[in-house]
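Asks: Quick one: sequence and predicted model below, then my questions.
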Amino acid sequence: MANTLTSLIPSLYAALNVVSRELTGAIPSVTRDARADRAAVGQAVVVEIAPASSATDITPGVTPPNDGDQTIGNESIYITKSRRVPFRWNGEEELGLNNNGAGASAIQGNQLQEAIRTLVNEMEVDVVNAARMGSRAFGTATTTPFASSLIEAAEVKKILDDNGAAGARSMIINTSAGVKLRTLTQLTKANEAGSVMTLRDGELLDVFGMSLKESAGVASVTAGTGSAYTSTAAGFAVGATDIAIITGTGTVLEGDIITFAGDTNKYIVKTGVAAPGTITLAAPGLRQAIPAAATALTIIATSVRNIAFSQSAIVLATRAPALPTNGDSAADRMTVTDPRSGISFEVAMYPQYRQMQYEVSAAWGAKCIKRSHAAVLLG
């Protein structure tokens with residue numbers, strides 16, 4: 001067996017070409033901070049955030065107004081995972097396949113493809129989980145949306161519009177919702193949809209300014225166990241995010257979707273509790289005031305959480321895994337970068353006694369940095 005990765009380069013890029021075109025809808029929809037430099041688990045990646053701007057009246061004068069200074073904010077995204085996918089070959093296996101089979105290189109190419117796919121799928125799940133930490137939700141738990149119309153997409157768009165979400169929006173749904181969408185007449189008749197993408201290619205369309213994609217990462221989310229909670233009698237104004245709750249038992253988890261009696265809005269919890277205390281709602285907070293009386297809180301049941309968001313709301317940071325300054329025992333290593341997503345993967349080979357271990361690895365972290373620009377569609 002060769003002691004360099006040179007012979008695997010064509011297989012590596014062929015594997016990237018296949019995996020990058022699969023239905024991982026969330027990764028291509030978010031902001032990606034992808035670099036080939038190394039990072040350790042727990043290391044912060046700082047992303048700059050432009051502040052909101054304000055307009056002023058135009059007043060003619062000798063000199064322009066002395067204003068325009070802004071404080072650029074930032075958000076730290078932590079590398080939370082450093083993952084590897086290994087596979088190993090010994091001399092007997094390689095020689096046997098080269099003499100009497102398809103050849104070791106063909107199978108190694110498939111193994112590389114599966115290794116990259118495994119890491120990409122893990123990234124996809126993490127991005128989806130970050131995106132479901134949005135502001136509010138719409139829909140009915142355990143009921144697949146789009147049964148007869150696009151009303152659910154319109155309602156989610158309204159949430160993003162009301163929150164002032166930026167453009168470049170996406171909605172990521174599971175395959176069950178995708179089935180319902182594909183049966184809608186207005187999407188499968190090219191003369192009504194304005195495109196043959198759904199009809200011929202099986203791809204979903206832009207609907208109400210949102211690019212609809214499917215993802216295996218969209219799954220059912222287990223709700224907290226909290227019951228019988230009410231707000232205090234203090235009353236809470238529109239826009240409030242910290243809500244004191246009493247009397248109940250069980251957990252209210254981050255990401256839980258809750259309602260208050262008399263208010264049809266479904267709020268997403270930013271900070272939960274395990275006992276009576278104060279929960280924090282995601283921005284922009286309450287859309288309807290809670291009266292100065294104990295008001296019942298209900299946690300939406302375990303259900304699928306489809307997601308919608310502006311591209312700038314979610315960031316996926318990817319790096320190469322940390323390595324000692326003087327290296328390790330790898331005989332060779334190289335970094336390959338997917339030209340479509342910019343995500344880099346490190347491939348290394350480790351010689352062992354009459355066998356060779358190959359490793360594909362990556363490090364990453366994902367975060368919703370603008371919760372008000374993300375929403376959930378229940379399913």
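Replies: Thanks, I have it. Every value quoted in this text rests on a predicted model; they were computed, and no experiment measured them.
Asks: Does residue 306 touch residue 175 like I think?
Replies: No. Counting by C-beta atoms under 8 Å, residue 306 does not reach residue 175; the two are 10.9 Å apart. Heads up, the C-betas are built off the backbone N, CA and C, glycines and all.
Asks: More neighbours: the two, which one.
Replies: Between residue 306 and residue 175, counted using other C-beta atoms under 10 Å, the more crowded position is residue 306 (33 against 11).
Asks: If you drop the residues flanking it in sequence, what lies closest to that one?
Replies: Residue nearest to residue 306 in three dimensions, not counting chain neighbours: residue 377, with 4.0 Å by C-beta to C-beta, 6 or more residues apart in numbering.
Asks: ok, the one you found - contacts?
Replies: 137-139, 145, 152-153, 156, 171, 173, 177, 305-308 (C-beta atoms under 8 Å, 6 or more residues apart in numbering).
Asks: one more time with 7 Å
Replies: Applying C-beta atoms under 7 Å, 6 or more residues apart in numbering to residue 377 gives the contacts 138, 139, 145, 152, 156, 306, 308.
Asks: what is residue 173 paired to in the beta sheet?
Replies: residue 214 (DSSP bridges).
Asks: dump the residue contacts of it.
Replies: Residue 173 sits next to 212, 214, 218, 306 when contact means C-beta under 7 Å, 6+ apart.
Asks: who wins for neighbours among those?
Replies: Neighbour counts for the contacts of residue 173, by other C-beta under 10 Å, peak at residue 306, which reaches 33 neighbours.
Asks: Phi and psi next, for residue 65.
Replies: Per-residue torsions, residue 65: phi -60, psi 150 (degrees, to the nearest 10).
Asks: Where helices are concerned, which of the contacts of residue 377 count?
Replies: 152, 156 (DSSP state H).
Asks: Mind naming the longest helix for the chain?
Replies: helix 104-131.
Asks: who does it touch, helix- and strand-wise?
Replies: Where contact means 3 or more C-beta pairs under 7 Å, 6 or more residues apart in numbering; DSSP states H and E, helix 104-131 is packed against helix 9-19, strand 81-90, helix 91-100, strand 303-310, strand 314-321, strand 355-368.
Asks: quick one: contacts of the helix or strand following the first one?
Replies: Proceeding C-terminally, helix 9-19 gives way to strand 31-39 as the next helix or strand, assigned by DSSP states H and E. Identification of contacts with strand 31-39 by C-beta under 7 Å, 6+ apart yields 45, 47, 79, 311-312, 314-323, 335, 337, 341-344, 363.
Asks: quick one: average pLDDT of strand 31-39?
Replies: Strand 31-39 shows a mean pLDDT of 84.
Asks: which one of the contacts of residue 377 is nearest residue 353?
Replies: The closest of the contacts of residue 377 to residue 353 turns out to be residue 306 (C-beta to C-beta; 50.2 Å).
Asks: any idea how far the closest one is from residue 270?
Replies: Distance of residue 306 to residue 270, given as C-beta to C-beta, to the nearest Å: 20 Å.
Asks: quick one: which of the contacts of residue 377 has the most company?
Replies: Result: residue 306 is most packed of these (other C-beta under 10 Å), 33 neighbours.
Asks: any idea which element residue 349 lies in?
Replies: In this assignment (DSSP H and E), residue 349 forms part of strand 344-352.
Asks: Report the distance from that strand to the chain centre.
Replies: The chain centroid and the centroid of strand 344-352 are separated by 27 Å under C-alpha atoms, centre = their mean, to the nearest Å.
Asks: For it, buried residues please.
Replies: Residues of strand 344-352 classed as buried by neighbour count (16 or more other C-beta atoms under 10 Å): 344, 345, 346, 347, 348, 349, 350.
Asks: ok, the last one - contacts?
Replies: Just to be clear, that refers to residue 350. 329, 330, 331, 357, 359.
Asks: before we move on, what about the fourth one?
Replies: Applying C-beta under 7 Å, 6+ apart to residue 347 gives the contacts 5, 12, 333, 334, 336, 358, 360.
Asks: ok, and the most crowded of the residues you listed?
Replies: With neighbours taken as other C-beta under 10 Å, the top of the contacts of residue 347 is residue 360, carrying 25 neighbours.
Asks: what residue lies at the spatial centre of the chain?
Replies: residue 127 (2.1 Å; C-alpha atoms, centre = their mean).
Asks: need the contact list for that residue.
Replies: Counting by C-beta under 7 Å, 6+ apart, residue 127 touches 26, 27, 30, 314, 316, 366.
Asks: Who is the fifth one paired with across the strands?
Replies: Yep, that's residue 316 we're talking about. residue 32, residue 366.
Asks: Any idea how many residues pack against it?
Replies: Residue 316: 25 neighbours (other C-beta under 10 Å).
Asks: gap between it and residue 129?
Replies: Applying C-beta to C-beta, the value for residue 316 to residue 129 is 12 Å.
Asks: what does residue 302 give?
Replies: Here the criterion is C-beta to C-beta. By it, residue 302 lies 15 Å from residue 129.
Asks: How about residue 30?
Replies: Remark: distance between residue 30 and residue 129 (C-beta to C-beta) = 12 Å.
Asks: before we move on, what about residue 231?
Replies: 28 Å.
Asks: higher neighbour count, the two?
Replies: The residue with more neighbours, out of residue 231 and residue 129, is residue 231; 23 against 19, by other C-beta under 10 Å.
Asks: Quickly list what that one is bridged to.
Replies: When assigned by DSSP bridges, residue 231 has beta-bridge partners residue 245.
Asks: Residue 166 and residue 309 touch, don't they?
Replies: No. If you go by C-beta atoms under 7 Å, residue 166 and residue 309 don't touch, sitting 9.7 Å apart.
Asks: Please enumerate the shared neighbours of those two.
Replies: Common contacts of residue 166 and residue 309 (C-beta under 7 Å, 6+ apart): residue 373.
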